[in-house]
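Novice: Below is the sequence, then the predicted model.
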Amino acid sequence: MKPEAGTARVVVFAPVEGDAAALGRMLEDEGVAMRACADAAAFYACLDEQAWCAIVTEEGLDRCSLDGLDASLRRQPAWSDLPLLTLAGPDLARVDSNRFARLARIGNVTLVERPTSREVLLMSIRSALRARRLQFAVRDQWRALERHAGALELAVAERTASLEREIGERRRVETALAEARRLESLGRLTGGVAHDFNNILQVISGSETLLRMLLAKDANERLVRALDSIRRAASHGASLTQQLLAYARRQPLNNVVLDLPMYLHASAEMLAGAIGPGVRFSLRMAPDLWAVSVDPAQLDAALLNVASNARDAMPDGGSLVLAAANTVLPDPGLPEAANLAGEYVLITLTDDGEGMSEQTARQAFEPFFTTKSVGKGTGLGLSQVYGFASQSHGIAFIRREQVGTTVGILLPRSAEAAEAPQAAAPEVPAHALAGARILCVEDDPVVAETMSSLLSVLDAEITVVDSADAALEADYSAIDLVLSDVMMPGSMDGIGLVNWLASHHPGLPVVLTSGYLVDPGRLETLHVQFLRKPYTLPALAQAMSLALEQGGGQH
């Protein structure tokens, strides 16, 4: 089988005049190109990957050295074994027959004795070309395997990197999940404590109000100071429980859609006054801030808590920057929000104070964790920020800066327009509930007794039951309004009672109270007035009056 014309090249080293020409004519008839070499150096140089076969006469071999041939053949790639045809005469003694044996050990050598027939020589050349063609096939397969091996190594490297990323992401998610479970457990614990504590505070607050009213005529300065101290302590306790409940995400939020530029300008004045003159305060707002739906009171508390911490971190003065900007998540610049997606508003407070250690930053959102000395802080400020942001469907994060600290709050953009500021509700006149027939549903007998005494001061008629189940048996023809706790034992709680009343006594006004809610979202669909415990007598009267007005109750 002839090789394709122009594709095969045979290297010939035949110093005797006429040998190269004869070989050239023979190869030309076979469609093979020939490269004739003038000396041994040229012959060595042509023994490369492009050669199909090499032919050397005994005269040419006599001018070559074994070391030179060996070095030339060793330059071949691993797949190559270049066929070498040696044409020698019958008198081998003249050219050192031992050289042929040594030559065979360093290369693919075929000895052809001269004189020989044209057919024998052609068969030898064709055999060499066929062997070389097979080598080229091996070369192509070798290169294909190398490409496949390279592609496989690349695929393995990419998959390994992908697995490393997946493992890293899984570890991060597992860590975040463990942290969330730990914080959730703390939240349940603190929420349960807040519930019981709020009932105690309700009794203290209600009793203080009742004592103040009963002793109004005979009050003296010492008595008033004692009652004021009780009121301040109850108010402080209520603030602490609100922070606990905010962290536990167990309080209903009075969300409104805020006009952020207007709100932040007002907040800036409040924060500047709270941190005092020793700290330089500035406000930076991006243009066209999106609206957010949040509880303004809780956002106020969150900003105040962060600002207070920042002030304490700058005992010798410094600067505090309140900033707000729109952001679309995910954003590489906000790795803390890697699990969020969509449109958010980022509110940050950045100080240049003492900063936090990594360990402190990791624990800063935990309730009761504080680095301040005894009496200087409760450790509930940043936990309120965390709970408020989470319950508002956003996140809070702490970023350690080169100098100082940044606390950020991400809040989701509201699809609704900002609401116009509402006028303050008018005060309820004295005895506005005179004659109102009220069913009080409260499982704590001390709280129920205190509430009954307060409502009696308002000249209302009170009926007390200790559970929602007992309330089902009441005579509602003689009831104008239901005042019920939410968390109660029995087959239903206060929200279940509201749903039952909506079916059996539609239009009956209801006021719900609670110091702790397992699921605040259950309140969102109810058309009732809600009071957080501990509440004041004016707040109770206001809620009842609104409920009666909206429900059309008669009294």
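Specialist: Structure received.
Novice: make it CA atoms for all contacts and neighbour counts henceforth
Specialist: Will do.
Novice: for the protein, what helix or strand is lowest in average pLDDT?
Specialist: Every helix and strand in the chain was compared by mean pLDDT, DSSP states H and E; the lowest is helix 98-106, with a mean of 70.
Novice: Can you name the element that comes right after that helix?
Specialist: Downstream of helix 98-106, the first helix or strand assigned by DSSP states H and E is strand 108-113.
Novice: what residues are up against residue 440?
Specialist: 448, 452, 462-465, 482-484 (CA atoms under 8 Å, 6 or more residues apart in numbering).
Novice: Show me the beta-bridge partners of it.
Specialist: In this structure, residue 440 bridges to residue 464, residue 483 when assessed by DSSP bridges.
Novice: list the contacts for the spatially most central residue of the chain?
Specialist: Nearest to the mean C-alpha position of the chain, by CA atoms, centre = their mean, lies residue 338 at 2.5 Å. Residue 338 makes contact with 329-331, according to CA under 8 Å, 6+ apart.
Novice: Just the buried ones among those, please.
Specialist: Buried by 16 or more other CA atoms under 10 Å: 329-330, out of those.
Novice: possible to save the contacts of residue 440 as TSV with neighbour count?
Specialist: TSV is the format used below for the contacts of residue 440 (neighbours: other CA atoms under 10 Å):
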residue	neighbour count
448	19
452	19
462	19
463	14
464	21
465	19
482	25
483	23
484	29
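Novice: Looking at these, which is nearest residue 509?
Specialist: residue 482 (6.4 Å; CA to CA).
Novice: could you check the distance from the closest one over to residue 452?
Specialist: 13 Å (CA to CA, to the nearest Å).
Novice: which residue ranges form the strands in the stretch 151-300 of the chain?
Specialist: Per DSSP state E, counting those that start in this stretch, the stretch 151-300 of the chain carries strands over the ranges 256-258, 279-285, 292-294.
Novice: so which of the ones you listed is the most packed in?
Specialist: strand 292-294 (a mean of 23; mean count of other CA atoms under 10 Å).
Novice: helices or strands next to that strand in the packing?
Specialist: In terms of contacts (3 or more CA pairs under 8 Å, 6 or more residues apart in numbering; DSSP states H and E), strand 292-294 is packed against strand 256-258, strand 405-412.
Novice: starting at the chain centroid, how far to it?
Specialist: Here the centre of strand 292-294 is set off from its chain's centre by 22 Å, with CA atoms, centre = their mean, to the nearest Å.
Novice: SS state for residue 15?
Specialist: coil (DSSP: H, G, I helix; E, B strand; the rest coil).
Novice: Please name the nearest non-neighbouring residue to it.
Specialist: Spatial nearest neighbour of residue 15, chain neighbours left out: residue 60 (5.7 Å); criterion: CA to CA, 6 or more residues apart in numbering.
Novice: which ones are touching that neighbour?
Specialist: Residue 60 makes contact with 13-15, 39-40 under the criterion CA under 8 Å, 6+ apart.
Novice: Please enumerate the helices of the stretch 201-350 of the chain.
Specialist: 221-248, 260-275, 296-312 (DSSP state H, counting those that start in this stretch).
Novice: which stretch in the ones you listed has the least confidence?
Specialist: By mean pLDDT, the lowest-scoring of the helices of the stretch 201-350 of the chain turns out to be helix 221-248, with a mean of 73.
Novice: Give me the secondary structure label for residue 488.
Specialist: Secondary structure, three-state DSSP: residue 488 is coil.
Novice: Am I right that it is in contact with residue 495?
Specialist: No - contact criterion CA atoms under 8 Å: residue 488 and residue 495 do not qualify, at 10.0 Å.
Novice: shared neighbours of those two, which are they?
Specialist: By CA under 8 Å, 6+ apart, no residue touches both residue 488 and residue 495.
Novice: Who does the closest residue in space to residue 50 that isn't next to it in sequence form a beta bridge with?
Specialist: Nearest residue to residue 50 in three dimensions, chain neighbours excluded: residue 9, at 7.4 Å (CA to CA, 6+ apart). Beta-bridge pairing for residue 9 (DSSP bridges): residue 33.
Novice: Report the contact partners of residue 9.
Specialist: Neighbouring residues of residue 9 by CA under 8 Å, 6+ apart: 32-35, 50-53.
Novice: between these, which has the most around it?
Specialist: Highest neighbour count within these: residue 52, with 27 neighbours (other CA atoms under 10 Å).
Novice: Which phi and psi values does that residue adopt?
Specialist: When read as degrees, to the nearest 10, the backbone of residue 52 gives phi -90, psi -30.
Novice: Looks like it contacts residue 12 (just checking).
Specialist: No - here residue 52 lies out of contact with residue 12, judged by CA under 8 Å, at a distance of 11.1 Å.
Novice: Now do the strands in the stretch 401-550 of the chain.
Specialist: 405-412, 437-441, 461-465, 481-485, 510-514, 529-532.
Novice: Let me have those strands in TSV, extended by distance to residue 113 and mean pLDDT.
Specialist: Output for the strands of the stretch 401-550 of the chain, formatted as TSV (distance: least, CA to CA, whole Å; pLDDT from 0 to 100):
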stretch	distance to residue 113	mean pLDDT
strand 405-412	92	92
strand 437-441	122	91
strand 461-465	126	90
strand 481-485	117	91
strand 510-514	114	89
strand 529-532	115	84
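Novice: Check those strands for me and report the most buried one.
Specialist: Among the strands of the stretch 401-550 of the chain, strand 481-485 has the highest mean neighbour count (mean count of other CA under 10 Å), at a mean of 26.
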